[in-house]
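Chemist: here's my sequence, what's the structure:
(2 chains)
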Amino acid sequence: DTGVSQDPRHKITKRGQNVTFRCDPISEHNRLYWYRQTLGQGPEFLTYFQNEAQLEKSRLLSDRFSAERPKGSFSTLEIQRTEQGDSAMYLCASSPPGTSDEQYFGPGTRLTVT
Amino acid sequence: ILNVEQSPQSLHVQEGDSTNFTCSFPSSNFYALHWYRWETAKSPEALFVMTLNGDEKKKGRISATLNTKEGYSYLYIKGSQPEDSATYLCAFSNYQLIWGAGTKLIIKP
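Modeler: Numbering: from 1, shown residues only, chains lettered A, B, ... in the order given. Here you go, the predicted structure:
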């Protein structure tokens, strides 16, 4: 399978714990995006990488959220001191080099904070 | 703040009927308009990318039109089938994608 993959698919954690999600984009794609999606809403932009550089970060993202893409390939999204409001689907998408902004999505990681 | 609106929020359609729904977006600084289909437990799947005013795109029984001057796009599904049941998302692009909340389509057999 050469699509975008995310791990884990589901995560249940207790409030206050830290969680980390991983995204593996399509191999030749240099752009990578993280989104959060809650019930009844469209995907909400969190952050964007071009290669290893984090070029954009939503001002809605609190300091508890951090993302990395150290080698310009896979990316991790960490949430520290999770809160119940962090419960959501976390989507990763990637795009190839060039001017097209069509994005290819992974299956998402569903986070439940209890 | 850029806002993308989709209507209706949800839609129940009898199998075999045709249907359509709307995406409204800012008409200034337009770059592209995307339509995605998101089936439960699957990844969002790109349907169309539309860039030019008056664009019409078609894929099988699904088609879309674009009016960038007034800031709307319509998605049409002809002869709905149960496999069309999904959430249909549109996203407006300037330098990043701004997403609508989606239209949840349920096809009744």
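
Chemist: tally of neighbours for B:Val49?
Modeler: Residues within reach of B:Val49, counting by other Cβ atoms under 10 Å in any protein chain shown, total 17. C-betas here are computed from N, CA, C, even on glycine.

Chemist: go on, the one 4 residues further on?
Modeler: Around B:Asn53 there are 12 other residues, counting by other Cβ under 10 Å.

Chemist: now it, nearest residue through space, not along the chain?
Modeler: Nearest residue to B:Asn53, sequence neighbours excluded (Cβ to Cβ, 6 or more residues apart in numbering or on different chains): B:Thr68, at 4.2 Å.

Chemist: got a list of what that neighbour touches?
Modeler: Neighbouring residues of B:Thr68 by Cβ atoms under 8 Å, 6 or more residues apart in numbering or on different chains: B:27, B:30, B:33, B:52-53.

Chemist: most neighbours of all those, which one?
Modeler: Going by other Cβ under 10 Å, B:Leu33 tops these with 25 neighbours.

Chemist: which ones are touching that residue?
Modeler: With Cβ under 8 Å, 6+ apart, B:Leu33 has these contacts: B:23, B:25, B:49-51, B:66, B:68, B:73, B:90-93.

Chemist: for the nearest residue to it once chain neighbours are set aside, give me the pLDDT.
Modeler: Among residues not flanking B:Leu33 along the chain, B:Met50 sits closest, at 4.8 Å (Cβ to Cβ, 6+ apart). Note on B:Met50: pLDDT of 93.

Chemist: could you do B:Tyr95 as well?
Modeler: 67.

Chemist: cool, and the one 10 residues further on?
Modeler: If you check B:Leu105, the pLDDT there is 96.

Chemist: and for B:Ser85?
Modeler: We have a pLDDT of 95 for B:Ser85.

Chemist: contacting residues for the closest residue in space to it that isn't next to it in sequence?
Modeler: Residue nearest to B:Ser85 in three dimensions, not counting chain neighbours: B:Ile107, with 4.9 Å by Cβ to Cβ, 6+ apart. By Cβ under 8 Å, 6+ apart, the contact list for B:Ile107 reads B:13-15, B:80-85.
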